[in-house]
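[1] Need coordinates for the below:
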Amino acid sequence: MAHEVARVPKAATLGLFGAWLVHDLEELATMPIWAGVSREHAAVAIGLMGGVVAAASVAGAVTGGRSRFYQSALTGFGAHGWVHLAASAATRGYAPGVATSPLVVIPFAAWARKRLRAAGIEPETSWAGLALLPVLLGAVHGTAVLVTRGTKARRASLTR
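    Down below sits the predicted model:
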């Protein structure tokens, strides 16, 4: 009888998007107040990042967890949970995302990595990809500025 290789559950791949969504709903609710950006800006930036996370999750599902894009996104997601905890500690108070980081982000990332290992996949991270994370964050927030600037101008012209 051949030894059966464990499979990576879809919850570990597609679940990345679900865990991200729970976490980013907290950020959407609190980022505008805490970071001084408009709700529209936060929604656009979060929506754009959601597209990236969704693509990584699907790449993980299609490859059975073997996609380096998925594995890097999973690693980045888990690490970013620790950044939220550090931001909260540094400010000695609430920081957007700190409530769901220890409850959703960090545990999900650890659980998914454990599922990968159980399936015989040693998670690899593209460190070059992770190094581009600040560029990606700048791009989504820069795009949000451009999109919401147009929205503010249209709104102002309608109220004249």
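
[2] and the gap between residue 93 and residue 30?
    Separation of residue 93 from residue 30 (CB to CB, to the nearest Å): 12 Å. No exception for glycine: its C-beta is placed from N, CA and C like everyone else's.

[3] Name the residues contacting each of these two.
    Both residue 93 and residue 30 lack any common contact, where contact means CB atoms under 8 Å, 6 or more residues apart in numbering.

[4] Comparing the two, which residue is more hemmed in?
    When residue 93 and residue 30 are compared for neighbours, residue 30 comes out ahead with 17 against 10, by other CB atoms under 10 Å.

[5] residues in contact with the more buried one?
    94, 96-97.

[6] Beyond whichever strand or helix holds it, next helix or strand please.
    For residue 30, the element it lies in under DSSP states H and E is helix 15-35. Counting by DSSP H and E, the next helix or strand C-terminal to helix 15-35 is helix 39-62.

[7] and the angle for that next one with helix 15-35?
    Counting by axes from the mean of the first three to the mean of the last three CA atoms, to 10 degrees, helix 39-62 lies at 160 degrees to helix 15-35.

[8] what does helix 39-62 rub up against?
    Residues contacting helix 39-62 (CB under 8 Å, 6+ apart): 8, 10, 12-17, 20-21, 24, 27-28, 31-32, 35, 37, 67, 69-74, 77, 136-137, 139-141, 143-145, 147-148, 151.

[9] any idea which helix or strand comes after that helix?
    Sequence-wise, the next helix or strand downstream of helix 39-62 (DSSP H and E) is helix 68-91.

[10] quick one, that following helix and helix 15-35 angle?
    With the same axes, to 10 degrees applied, the angle from helix 68-91 to helix 15-35 works out at 30 degrees.

[11] just to revisit the earlier point, quick one, which of the contacts of residue 30 are buried?
    Buried members of the contacts of residue 30, scored by 16 or more other CB atoms under 10 Å, are 96-97.

[12] could I get the contacts of residue 30 as TSV with secondary structure and pLDDT?
    Compiled in TSV, the contacts of residue 30 are given as follows (DSSP: H, G, I helix; E, B strand; the rest coil; pLDDT from 0 to 100):
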residue	secondary structure	pLDDT
94	coil	95
96	coil	93
97	coil	95
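
[13] what comes up buried for stretch 116-123?
    The neighbour-count check on stretch 116-123 (16+ other CB under 10 Å) flags 116, 119, 121, 123 as buried.
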